[in-house]
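>>> structure for this input, please:
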Amino acid sequence: GCTVPHAVMMVDCFDSVEAKKKAIAGVASVFDKDVIFGGAVYGMYTQDGASDVDTVSLLALAGNGLQVQAALTEHMGAKGLTIEDDDTALSAALGAGGAAVAQQIPNIGKSDLVILMGDAHSPKNQHLIDGFQSVAGKKVPVTGGSINKNDGLTYLYYRGNMYTDAAFALAI
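Residues are numbered from 1 along each chain as shown. You can find the predicted model right below:
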């Protein structure tokens, strides 16, 4: 039998909202929509190399004894802000967003690994990590990245739904 995944990380490189929705629907035809997390990216990698157009990459997290807890924060207030012009407001918005996802997960400081993704392009994403670590501590291993695509196509996927100006954490 197949092992049902606790989470499926999905990233895509499509240049239209309709294509993104179709990709999510396609993945949801195989996996429960509630386990789909990820977002829109400029490019992705597989063992076959780099791809940057009209592609989807998936990573299923499954196994006996594996537990995954998820948290989302919406409306962080970072959309449209730049480091050059709005660093103080950006730091506050993303720091609060990072702290908010960490606060939603019980015992976050005891996680073996956290995947943290946010609608915050580099180097803005450091503020998100700082906020997360203000709650979880700096010893929790964190991986993840920035959700970012062409202007207007930046979407974060959480439980198979599309969000902007948001962040999520998956604690493993």
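>>> can you give me the strands for this protein?
Using DSSP state E, the strands found in the chain span residues 7-12, 36-40, 44-46, 49-51, 56-61, 69-73, 114-118, 142-146, 156-158, 161-163, 167-171.
>>> pick out the shakiest of those, pLDDT-wise.
Least confidently modelled of these is strand 44-46, at a mean of 80 by mean pLDDT.
>>> can you give the contact residues for that one?
Residues outside strand 44-46 that contact it (C-beta atoms under 8 Å, 6 or more residues apart in numbering): 11, 13, 50-52, 55, 57. Quick note: C-beta positions are derived from backbone N, CA and C, even for glycine.
>>> tell me, what residue is most central in this structure?
The chain has Met117 as the residue nearest its centroid, 2.9 Å off, counting by C-alpha atoms, centre = their mean.
>>> list just the nearest of the contacts of strand 44-46 to Val135.
Nearest to Val135, judged by C-beta to C-beta, of the contacts of strand 44-46 is Val11 at 25.6 Å.
>>> still on that earlier bit, got a ChimeraX select line for the buried ones in the contacts of strand 44-46?
Here is the ChimeraX selection string for the buried members of these, based on 16 or more other C-beta atoms under 10 Å:
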select :11,13,55,57
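>>> of the contacts of strand 44-46, closest to Ile24?
Val11 (11.5 Å).
>>> for the closest one, list the residues it contacts.
The contact partners of Val11, taken as C-beta under 8 Å, 6+ apart, are 38-41, 44, 56-57.
>>> so what are the sheet partners of the helix or strand of the chain with the lowest mean pLDDT and their directions?
Evaluated with mean pLDDT, DSSP states H and E, the helix-and-strand set of the chain has its lowest mean pLDDT in strand 44-46, which scores a mean of 80. Applying DSSP bridges to the sheet, strand 44-46 is found paired with strand 49-51 (antiparallel).
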